[in-house]
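**Student:** when you get a sec, could you give me coordinates for this:
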Amino acid sequence: RSILMLVWVLSTLFLQGVLCQPSLTVQFNGVLQDLGDVDLQWEGLTVGDMIGVFSPPYNGTFENLLYGVQVPSAAGKITLTLANTRNPYSFAFYPPAKGGPVFYVCPVTIHADELYPAQGHLALSKNGPSEMLAMWTTGHNNTSPFLDYSTNPDLTGATRVSAKSYTYTADDLAFCSLNGTTDAFINFRDPGLLNVATMTNLSPATVYYYRFGSDGSLSKIFNFVSAPVERAETATKMVVYGDMGTSLCQDTEDGSWCGPGSGCVIDYLEAAISKNPEYFGHVLHIGDLSYAVGKPYRWDLWMNQIQKLAAKAPYMVTLGNHEFDYIGQSFHPSWSNYDNDSHGECGVPTRERFLMPWDAASDKWWYSYNYGNIHVAVMSAEHDFTRNSEQWRWLVNDLQSVDRKVHPWIVLASHRPFYSSGYSANNDEEVSTHIRDELEDVLMKFSVDLVLAGHLHNYERTCAMYRGECSKKGPVHLIVGTGGKEIGDHWNYPQPEWSIFRAATYGHVEITSYNSTSLEAKWVGCRDGVVHDSVVITK
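**Tutor:** Take a look at the predicted model:
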């Protein structure tokens, strides 16, 4: 992204920095493709007045308002990052009470390239390591989308595959909209066309180059490393974090849902993978993804922001409470704190934007996959996990089917943790107690090595645990809710003996299984790049 200067065309006259009377100057240039910075400079306003960002443009009501930015002074300047929403943008002034009238509409419109293929991201295929899925977003005028891929950086001799296109509508959210009153239903915006193409016959651990789009508009060329050979002695890498959000949103009225640390995490990992495409294998994001919570523009911002990573390595996700939970969901025991955490999204945008190997259309948000010598089982802590439930039976069957001669390491991912010494929300600790009661014996029976969780916005590592105590045979538990949402340090004191290390700052975990007998997990801070904690698990 770069700061761009708007050129507003008035008949045949080109003006830079168009002044919108009474006092707003908008600076931008060209057409918005994925992300772009716009400078807004104002004079003569009253402190507390709002600058409204509208897409589609202002139509006489607040229907198209994406968000408002409160001016801190009578005169000033801010830079906003806009995402391609496949619609033009406009700006208007309004008083602090949104119900009041808009008192000035700026005639400058920023146009978006509806055809441009944005929000690219990869995913592992349910058909195994020789395939890779690529997904991206365009406007509805996109025709005959395709993807080219090759082992040559210039795509010489590329294989071309056609893409499938689909979308979702507000009607898909109606079942949980509380008669049309949820934020997600009220604020619904057309997500555009979601496109997916499958790359096949990939050689293992090989650098591939690819681009996607249509004849009218193509992405830049990205590269990724295909999945490693599935063999016990294959060194295997993965990066883990949860609870991210986007640092690019600047919504004054609803800004608590932004992710101020996400830029730090993403930029650190982007720099690392740019130097070495094999740096971290793939990403596992353990729930609470965009924190859109009923504001679709945050999906557009976040999906474009993570493209720096997700277009260069497979990006696997776990369902979190802020993607799914809603009033009336089927699993809602008395001891839970499942509420309207998704603000009416009910998993629909996540299901459509991330084609994981789950059967989410049937409300089965759990799945597993193999990567190198690691077997990863992904559960949903927002669905029934109690003994003999469908998910519980699936997990038992999945774990007992792992061939430990090929995949000696088993990792379980759950958005909500089994253990923490830093609970902050009502009933979180009680939910964890029930997760342990229902699943901990399963983990012990099948010798799960590592449990990954988020939900709490901090980092914590336990010893190998079983029934609340350190155990030589139990799994190590890591909470990695440090992907970008505001950090929480609601620690219990004194620190329990089983809590080996805990910290409250942004970062990620790097997992490396060196062979069949040694696996290391390192927690790395994004601000300093320092390994603040590590553990080696041996067999």
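
**Student:** hey, which helix is longest across this protein?
**Tutor:** helix 428-445 (DSSP state H).

**Student:** avg pLDDT for that one?
**Tutor:** The average pLDDT for helix 428-445 rounds to 97.

**Student:** so which bits of that helix are buried?
**Tutor:** 428-429, 431-432, 434-436, 438-440, 442-444 (16 or more other Cβ atoms under 10 Å). Backbone N, C-alpha and C define where each C-beta goes, glycine included.

**Student:** return the member of those residues nearest to residue 521.
**Tutor:** Nearest to residue 521 among those is residue 443, at 16.5 Å by Cβ to Cβ.

**Student:** distance to residue 338 for the buried residues of helix 428-445 - can I get that in JSON lines?
**Tutor:** Shown next, in JSON lines, are the buried residues of helix 428-445 (distance: Cβ to Cβ, whole Å):
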{"residue": "428", "distance to residue 338": "11"}
{"residue": "429", "distance to residue 338": "15"}
{"residue": "431", "distance to residue 338": "8"}
{"residue": "432", "distance to residue 338": "14"}
{"residue": "434", "distance to residue 338": "12"}
{"residue": "435", "distance to residue 338": "13"}
{"residue": "436", "distance to residue 338": "18"}
{"residue": "438", "distance to residue 338": "16"}
{"residue": "439", "distance to residue 338": "17"}
{"residue": "440", "distance to residue 338": "21"}
{"residue": "442", "distance to residue 338": "22"}
{"residue": "443", "distance to residue 338": "23"}
{"residue": "444", "distance to residue 338": "27"}
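
**Student:** for the residue most central in space within the chain, which residues are in contact?
**Tutor:** Nearest to the geometric centre of the chain sits residue 289, at 3.4 Å (Cα atoms, centre = their mean). Shown in contact with residue 289 (Cβ atoms under 8 Å, 6 or more residues apart in numbering): 244, 302, 317, 320, 322, 323, 350.

**Student:** so which of those sit within strands?
**Tutor:** residue 317 (DSSP state E).

**Student:** what's the closest of the contacts of residue 289 to residue 136?
**Tutor:** For those, the nearest to residue 136 is residue 302 (14.6 Å; Cβ to Cβ).

**Student:** doesn't residue 500 make contact with residue 463?
**Tutor:** Yes. Assessed by Cβ atoms under 8 Å, residue 463 is found in contact with residue 500 at 5.6 Å.

**Student:** of those two, give the one with the bigger neighbour count.
**Tutor:** Taking neighbours as other Cβ atoms under 10 Å, residue 463 and residue 500 compare with residue 463 leading, 19 against 16.

**Student:** ok, residue 24 to residue 88 distance?
**Tutor:** 17 Å (Cβ to Cβ, to the nearest Å).

**Student:** okay, the two: which has more neighbours?
**Tutor:** residue 24 (22 against 16).

**Student:** residue 105 is in contact with that one, correct?
**Tutor:** No. Applying Cβ under 8 Å as the test, residue 24 and residue 105 come out as separate, 9.8 Å apart.

**Student:** between the two, what contacts are shared?
**Tutor:** residue 91.

**Student:** for the stretch 1-150 of the chain, which segments count as strands?
**Tutor:** Taking DSSP state E, counting those that start in this stretch as the test, the strands found in the stretch 1-150 of the chain are 7-10, 13-16, 18-20, 24-27, 35-42, 50-54, 65-70, 76-83, 90-94, 104-105, 118-124, 132-138, 146-150.

**Student:** in JSON lines: the ones you listed, plus mean pLDDT and distance to residue 249.
**Tutor:** Listed next are these as JSON lines, based on pLDDT from 0 to 100; distance: least, Cβ to Cβ, whole Å:
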{"stretch": "strand 7-10", "mean pLDDT": "30", "distance to residue 249": "26"}
{"stretch": "strand 13-16", "mean pLDDT": "30", "distance to residue 249": "27"}
{"stretch": "strand 18-20", "mean pLDDT": "56", "distance to residue 249": "24"}
{"stretch": "strand 24-27", "mean pLDDT": "87", "distance to residue 249": "19"}
{"stretch": "strand 35-42", "mean pLDDT": "94", "distance to residue 249": "12"}
{"stretch": "strand 50-54", "mean pLDDT": "93", "distance to residue 249": "10"}
{"stretch": "strand 65-70", "mean pLDDT": "93", "distance to residue 249": "7"}
{"stretch": "strand 76-83", "mean pLDDT": "95", "distance to residue 249": "8"}
{"stretch": "strand 90-94", "mean pLDDT": "91", "distance to residue 249": "16"}
{"stretch": "strand 104-105", "mean pLDDT": "84", "distance to residue 249": "23"}
{"stretch": "strand 118-124", "mean pLDDT": "98", "distance to residue 249": "16"}
{"stretch": "strand 132-138", "mean pLDDT": "98", "distance to residue 249": "18"}
{"stretch": "strand 146-150", "mean pLDDT": "98", "distance to residue 249": "30"}
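
**Student:** for residue 417, find the nearest of these.
**Tutor:** With respect to residue 417, and counting by Cβ to Cβ, the nearest of those is strand 118-124 at 24.4 Å.

**Student:** dump the closest one to PDB, restricted to CA.
**Tutor:** Presented in PDB, the C-alpha positions along strand 118-124 are these (Å, rounded to 0.1, in the frame of the first residue of the first chain):
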ATOM      1  CA  ALA A 118      -8.400  -9.500  -4.000                       C
ATOM      2  CA  GLN A 119      -8.200 -11.300  -0.600                       C
ATOM      3  CA  GLY A 120      -6.200 -14.200  -2.000                       C
ATOM      4  CA  HIS A 121      -5.600 -17.100   0.400                       C
ATOM      5  CA  LEU A 122      -4.600 -20.800   0.300                       C
ATOM      6  CA  ALA A 123      -5.800 -23.800   2.100                       C
ATOM      7  CA  LEU A 124      -4.800 -27.500   2.300                       C
END
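
**Student:** contacts for that strand?
**Tutor:** 33-34, 83-84, 132-138, 212, 219, 222, 224, 227, 282, 300, 303-304, 306-307, 310-316, 354-357, 369, 371.

**Student:** what residues sit buried inside it?
**Tutor:** 118, 119, 120, 121, 122, 123, 124.

**Student:** circling back to that earlier point, now the longest helix of the chain: how far from the chain's centre is it?
**Tutor:** 26 Å (Cα atoms, centre = their mean, to the nearest Å).

**Student:** again, but for stretch 73-84
**Tutor:** That offset, for stretch 73-84, works out to 25 Å (Cα atoms, centre = their mean).

**Student:** what residues sit buried inside it?
**Tutor:** 80, 81, 82, 83, 84.
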